[in-house]
Every structure is written in structure tokens, then in C-alpha cells.
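Student: dropping the sequence and predicted coords here.
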Amino acid sequence: MVGRYEAGRGAWLCAGSPACFERATKRGALERALRVGVSNDDIEGLRVRIYGAERVGNGDPKMD
């Protein structure tokens with residue numbers, strides 16, 4: 001049985017708020033909450049999956 005406090009159990013994000021997601025990734029909140037390393041590719045994949053957008057150079061989303 002997996003313990004409640006094992007690494008990678010979950011993290012909360014502000015629904016519908018890309019700005020909240022950006023703050024969380026800049027502060028390392030996802031890594032702390034999940035207790036695992038999170039690569040830039042992981043973060044970008046999560047961003048695309050949640051918000052359906054890819055960040056362009058200046059941080060503005062580009063919709064698919």
C-alpha cells in the first residue's frame with residue numbers, strides 16, 4: 001500500500017489561472033508539493049495539457 005506522504009502524491013493548482021501556474025513553477029512549488037524533480041519539459045507538457053496553449057518567447061500563450 002502506498003503511504004499518504006509518499007513522493008509524487010499530488011499538488012493543487014489554481015483552476016483557470018495561467019498566472020498562478022507561472023508563479024508556482026517559478027517558486028518551485030510543484031517540486032516541493034510532489035517531492036520529486038520536475039524538468040522544464042514536464043512543466044511545459046503540464047502547461048499545454050491544462051491550458052491547451054504553448055508559451056511563446058514573451059510568456060504570452062499561443063493557442064493551438
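Tutor: Perfect, I can see it now. These numbers come from a predicted model, not from an experiment. Numbering: from 1, shown residues only.
Student: just the strands in the protein please.
Tutor: Secondary structure of the chain by DSSP state E: the strands cover 53-55, 61-63.
Student: so how far is E22 from E31?
Tutor: To E22, E31 is 15 Å away according to C-beta to C-beta, to the nearest Å. Heads up, the C-betas are built off the backbone N, CA and C, glycines and all.
Student: comparing the strands of the chain by mean pLDDT, which bottoms out?
Tutor: Lowest mean pLDDT of the strands of the chain: strand 61-63, a mean of 48.
Student: buried residues of stretch 14-23, list them for me.
Tutor: Residues P18, F21 are the ones in stretch 14-23 that count as buried (16 or more other C-beta atoms under 10 Å).
Student: who touches V38 in this structure?
Tutor: Taking C-beta atoms under 8 Å, 6 or more residues apart in numbering as the definition of contact, the neighbours of V38 are T25, L30, E31.
Student: could you dump those to JSON lines with neighbour count?
Tutor: Converted to JSON lines, the contacts of V38 look like this (neighbours: other C-beta atoms under 10 Å):
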{"residue": "T25", "neighbour count": "19"}
{"residue": "L30", "neighbour count": "17"}
{"residue": "E31", "neighbour count": "16"}
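Student: want to throw those residues into JSON lines with pLDDT and distance to S17?
Tutor: JSON lines is the format used below for these (pLDDT from 0 to 100; distance: C-beta to C-beta, whole Å):
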{"residue": "T25", "pLDDT": "90", "distance to S17": "13"}
{"residue": "L30", "pLDDT": "86", "distance to S17": "14"}
{"residue": "E31", "pLDDT": "88", "distance to S17": "19"}
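Student: of those, which belong to helices?
Tutor: Using DSSP state H, the subset of these located in helices is T25, L30, E31.
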